[in-house]
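I would like the atomic coordinates for the input below:
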Amino acid sequence: MISTIKFVTNSIYNLGYFSGFNNDYFSISNEWILIILLLCILVIGGMVFKKLNLIIRQLKDKGSYYSSIFENNHSVMLLIDPEDGKILDANNEACLFYGYSKEEIKVKKISDINGLGKNEVIERMYEVKRQQSKSFYFQHRLSSGERRDVEVYCNPIIINGKEILCSIVHDITYRKIVENALHQSERKFRELFNNANDAILLHGLLEDNKLDNFIEVNDVACSMLGYTREELIKMTPEDLMLGETKKLIHDTILKLVSKGKHTYTTALVTKGGKITPVEINSHVYYMNDKKVLMSIARDISERENAERARKEREKAIEYENLRTEFFSNISHEFKTPLNVILGSVQLVDLYLKNEMLGDKDNRIHKHISTTTQNCYRLVRLLNNLLDITKIDAGYFETHLQNENIVAIVENITLSVAEYIENKGIYLEFDTEVEERIMACDPDKIERIMLNLLSNAVKFTNSGGSIYVNIEDKESSVVITVRDTGIGIPEDKIDIIFDRFRQVDKSFSRGQEGSGIGLSIVKTLVEMHEGTIKVESKNEIGSEFIIELPVLVLPEEIKNHEKVTEQSVVERISIEFSDIYS
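Okay, the predicted model is just below:
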């Protein structure tokens, strides 16, 4: 503006100066110059005033705009002097919230309404000034004395060249109540979750019903399985299962998904490799639109131990009953041959007294034969009793040597052919190989075969058949004894090898026996590291199948005493003594 006035003034003077040389027309007096100058000042001043008025009006509009934002904001807003904490201004919402008029609140300091101490309030304002923090959680006091939880956002701003703090206050009292209730509920759930007596495992379920990783596990689950929580949530339930259980889990999951819940028993493998039997109660529910399974696993080891103990007690009671029954049978077995022996001896004595020893009709020979046979029965019974005593005491041994197993089985089978044919029973021996050298105890193999053949003869009627077969499987030899006898009832097959067990327990049973022969046979087979099983159908026949591994000793044992023909005959007579009664 000043430069404009100088320019006009100089122009007027120059005009007057140049015009004064030549023409009076252009001559201008000093009065006119002054008038022109005043007119220029008035014009320029009007322009300046108009511009200033526009600027002032714009400033007022801006002030009104910002004042409207501050005053009419629905958030509580305070302007605070950071030097002394004095509240410089407060909007209408702040006055309503705190319960003060604008005049009342503007004479207070922020420490008057903040629940913190004065020094702590000052420290927080310094943090804002240093841009270290912008948001805080406080408790503010209202005019009524009530305390409200607030969240404060604070920023430094410049007004009229002075730094002040602009605070926006949000009442979060209700939110705090909800959060506290949620935290309390979560704490109770966590306490219930972790203090439950059973393991609780949450895991996801994928769209194809495959098991996803664990989402959450409680402390009991960690303790039971030996893993930390961090380790478990990286695993799936299949990682804790046995191989055979993994194959069945898909069917279990399908049942669970279709019913919504399912209870089943399985076994879980701990971190240390221990197999823990568990009963699992699983439920399906949705969490954040995701299918989740909650499985409550209860360790049933104690329950299974108790069940096992109960069964063992029942078995002990049953065993005691069987033992009592066994000794009752033994008494019967002893009395029968002894009575026969006594009767035969008495008859021989009577014949002698009556001079009836001519034996024209071979009566004395028949009685002597009966006496001998029943003596063999007693020997057989006593041998079995001695053997089970040795087995229980651990003194029963095998004397292995490399022998031709085919020859042993064939010889003992053919040696009883006459006995079997006299009963009207057909006997057949067949083998795939003529020789198979392996480690065995010939005496024990002989005893096994004699027992199985005598049983076959006992329970096969005249006109029936007995088949003995040897099959070579390279690594093992299979010996079968099959008959076409009366067979074994289906409910008795599982107990046929149990000691003291008998299919026919009555005193009037068709065949004699103590119920320990097959038990000893099973022990003899197992002492050769072999197996024995039976397949039978009632009234069709039975088949005993022995499988012995082919093992050869590095050096042949030569100190074994070979069984003589006479001893074999005696053994046959003893083993078959029950047949010719």
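
Would you mind pulling the contact partners of stretch 398-418?
Contact with stretch 398-418 is made by 427, 429, 431, 433-446, 449-450, 453, 468, 470, 477, 479, 524, 527-528, 548, 552-553, 556-558, 560, 568-569, 572, 576, as judged by C-beta atoms under 8 Å, 6 or more residues apart in numbering. C-beta here means a position set from N, CA and C on the backbone, and glycine is covered the same way.

Narrow the residues you listed to those in helices?
442-446, 449-450, 453, 524, 527, 568-569, 572 (DSSP state H).

now, among the residues you listed, which is nearest to residue 374?
Lowest distance from residue 374 to the ones in helices among the contacts of stretch 398-418 (C-beta to C-beta) belongs to residue 572, with 16.0 Å.

Identify the residues contacting the closest one.
415, 416, 419, 450.

Format those as JSON lines; extra columns: distance to residue 292 and pLDDT.
Below are the contacts of residue 572 laid out as JSON lines (distance: C-beta to C-beta, whole Å; pLDDT from 0 to 100):
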{"residue": "415", "distance to residue 292": "73", "pLDDT": "87"}
{"residue": "416", "distance to residue 292": "71", "pLDDT": "86"}
{"residue": "419", "distance to residue 292": "74", "pLDDT": "82"}
{"residue": "450", "distance to residue 292": "66", "pLDDT": "88"}
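
Okay, the closest residue in space to residue 215 that isn't next to it in sequence and residue 214: tell me how far apart.
Once flanking residues are discounted, residue 215 sits nearest to residue 202: 4.4 Å by C-beta to C-beta, 6 or more residues apart in numbering. From residue 202 over to residue 214 the distance is 7 Å, taken as C-beta to C-beta, to the nearest Å.

Could you check which of those two is surrounded by more residues?
The residue with more neighbours, out of residue 202 and residue 214, is residue 214; 24 against 18, by other C-beta atoms under 10 Å.

Go ahead and confirm the residue nearest to residue 215 touches residue 217.
Yes. If you go by C-beta atoms under 8 Å, residue 202 and residue 217 touch, sitting 7.3 Å apart.

What residues of stretch 461-480 count as buried?
Neighbour counts over stretch 461-480 (16 or more other C-beta atoms under 10 Å) mark 464-470, 472, 476-480 as buried.

what about residue 548, distance to residue 532?
Note on residue 548: its distance to residue 532, by C-beta to C-beta, is 10 Å.

Same check on residue 427?
21 Å.

Next: residue 354.
Residue 354 is 53 Å from residue 532, where distance means C-beta to C-beta.

Between those two, which has more neighbouring residues?
More neighbours surround residue 532 than the other of residue 354 and residue 532, with 20 against 8 (other C-beta under 10 Å).

pLDDT averaged over stretch 187-199, what's the number?
For stretch 187-199, mean pLDDT is 78.

try stretch 398-406
Mean predicted confidence for stretch 398-406 is 91.

So what's the gap between that stretch and the chain middle?
Remark: stretch 398-406 is offset 48 Å from the chain centroid, using C-alpha atoms, centre = their mean, to the nearest Å.

Can you give me the end-to-end span of that stretch?
Stretch 398-406 has an end-to-end distance of 19 Å (C-alpha to C-alpha, to the nearest Å).

which residues touch residue 452?
Applying C-beta under 8 Å, 6+ apart to residue 452 gives the contacts 481, 521, 544.

Quick check, the last one in contact with residue 522.
No. With contact taken as C-beta under 8 Å, residue 544 and residue 522 are classed as non-touching, separated by 10.3 Å.

The two: which has the busier surroundings?
Using other C-beta under 10 Å as the criterion, residue 544 and residue 522 rank with residue 544 on top: 25 against 20.

Helix or strand: which one has the more buried one?
Assigning secondary structure by DSSP states H and E places residue 544 in strand 541-549.

do the same with residue 94
Assigned by DSSP H and E, residue 94 belongs to helix 92-98.

One more: residue 150?
Taking DSSP H and E as the definition, residue 150 sits inside strand 147-159.

average model confidence for the helix or strand just after that strand?
Next helix or strand after strand 147-159 toward the C-terminus (DSSP H and E): strand 162-171. Strand 162-171 shows a mean pLDDT of 90.

Quick one: name whatever helix or strand follows strand 162-171.
helix 173-194.

Check which residues of that following helix are buried.
Buried residues in helix 173-194, counted by 16+ other C-beta under 10 Å: 176, 193.

ditto for stretch 121-129
Of the residues in stretch 121-129, those buried under the neighbour-count criterion (16+ other C-beta under 10 Å) are 121, 122, 124, 125, 128.

is it possible to export those residues to a markdown table including pLDDT and secondary structure?
As requested, the buried residues of stretch 121-129 are exported to a markdown table (pLDDT from 0 to 100; DSSP: H, G, I helix; E, B strand; the rest coil):
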| residue | pLDDT | secondary structure |
| --- | --- | --- |
| 121 | 85 | helix |
| 122 | 83 | helix |
| 124 | 85 | helix |
| 125 | 85 | helix |
| 128 | 82 | helix |
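
so which of those residues comes closest to residue 256?
residue 124 (55.1 Å).

show me where pLDDT drops low in the stretch 151-300 of the chain?
Across the stretch 151-300 of the chain, nothing is flagged by pLDDT under 70.

from the middle of its chain, how far away would stretch 299-312 be?
Chain-centre distance of stretch 299-312: 19 Å, with C-alpha atoms, centre = their mean.

Provide the contact partners of it at residue level.
For stretch 299-312, contacts defined as C-beta under 8 Å, 6+ apart pick out 198, 199, 224, 265, 276, 277, 278, 279.

so where do the strands sit in the stretch 201-350 of the chain?
For the stretch 201-350 of the chain, applying DSSP state E, counting those that start in this stretch gives strands covering 211-217, 261-269, 275-287, 290-299.

packing partners for the first one?
Under the contact criterion of 3 or more C-beta pairs under 8 Å, 6 or more residues apart in numbering; DSSP states H and E, strand 211-217 touches strand 199-205, helix 229-232.
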